[in-house]
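# Here is my input; please provide its structure:
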Amino acid sequence: MREGVFVTGTGTDVGKTYVSALLVKTLREQGRSAGYFKPALSGARRRDGALIPGDAEEVCRMSGLPGPPEQYVAYLYEQAVSPHLAARLEGPPITRERIMERFSQVAARFDYLVAEGCGGLFCPLCTEGEQLLLGDVAAMLGLPLVIVSPSGLGAINAAVLTAEYAAKLGLPVLAVVMNGFEAGNPLHEDNRVQIGRFTRLRTICAARDARTIELP
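Purely as a prediction, here's the structure:
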């Protein structure tokens with residue numbers, strides 16, 4: 001197992017990129033050689049005709065990781081749809097081999113790697129030929145999971161189901177990070193207690209304006 005973590009989420013837009021950037025930033029500020037990797041990114045913006053991986057760009061901006069950001073992404077697509085559909089509409093198709101090749105290239109440059117998934121563990125990357133889900137990618141990379149969850153209504157169900165699915169896949173989970181956590185908010189505080197109770201996992205709270213994050 002390489003040293004690092006695989007950041008997954010309970011769904012789309014729960015703050016995986018924000019948490020990934022905080023992790024890389026915190027590690028680099030502690031003097032660690034920390035890098036970033038993302039297997040696939042859809043919904044990339046165009047700038048001067050070139051596709052820009054917004055998530056990787058944000059991680060570089062927040063953490064001070066040197067660019068260009070596209071070097072940290074294995075597959076880049078313009079359409080903001082699931083990676084398997086973006087690959088079908090735009091090409092090229094996503095393969096295990098290419099992900100592992102690009103991951104190994106990035107991993108060779110750093111002592112610690114924060115890999116960020118695209119969506120949740122059941123997010124499909126390829127549905128034609130050899131099926132490939134994000135959970136398969138997490139297993140391939142050999143990194144323990146950090147699950148990013150929202151802090152508000154629905155967080156308990158989403159976090160517990162994701163943790164149970166990870167256990168079904170045999171994927172180790174280090175912690176659940178509750179994004180957008182507001183200290184003193186009764187709902188957020190109780191969700192933290194209940195998520196920890198039902199998953200028996202460490203819960204880490206990340207405020208919206210956090211500058212660093214507790215490491216899992």
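# Met210: neighbouring residues, count only.
If you look again at residue 210, you'll see it is Ala, not Met. Neighbour count for Ala210, taken as other Cβ atoms under 10 Å: 17. Just so you know, the C-beta spots here come from the backbone N, C-alpha and C atoms, and that holds for glycine as well.
# list the contacts for it?
The contact partners of Ala210, taken as Cβ atoms under 8 Å, 6 or more residues apart in numbering, are Leu22.
# does it count as helix, strand or coil?
What DSSP: H, G, I helix; E, B strand; the rest coil gives for Ala210 is coil.
# Hmm, Ala183 is touching Arg208, no?
No - the pair Ala183 / Arg208 is not scored as a contact, 11.6 Å apart, by Cβ atoms under 8 Å.
# Count the neighbours of Ile147 for me.
31.
# shouldn't it be in contact with Val5?
No - if you go by Cβ under 8 Å, Ile147 and Val5 don't touch, sitting 10.4 Å apart.
# how about stretch 139-155: buried residues?
Within stretch 139-155, the residues that count as buried by 16 or more other Cβ atoms under 10 Å are Leu141, Leu143, Pro144, Leu145, Val146, Ile147, Val148, Ser149, Pro150, Ser151, Ala155.
# hang on, I meant stretch 168-180
Leu171, Val173, Leu174, Ala175, Val176, Val177, Met178, Asn179, Gly180.
# Dig out what the fourth one forms beta bridges with.
Just to be clear, that refers to Ala175. Ala175 forms beta bridges with Val146, Arg202, as assigned by DSSP bridges.
# Spit out the contact partners of it.
Val146, Ile147, Leu201, Arg202, Thr203, Ile204, Pro216.
# could you redo the last one with a cut-off of 10 Å?
5, 144-148, 196, 199, 201-204, 214-216 (Cβ atoms under 10 Å, 6 or more residues apart in numbering).
# do you know how far it is from Glu101?
29 Å (Cβ to Cβ, to the nearest Å).
# for the contacts of Ala175, which one is nearest Leu89?
Val148 (27.3 Å; Cβ to Cβ).
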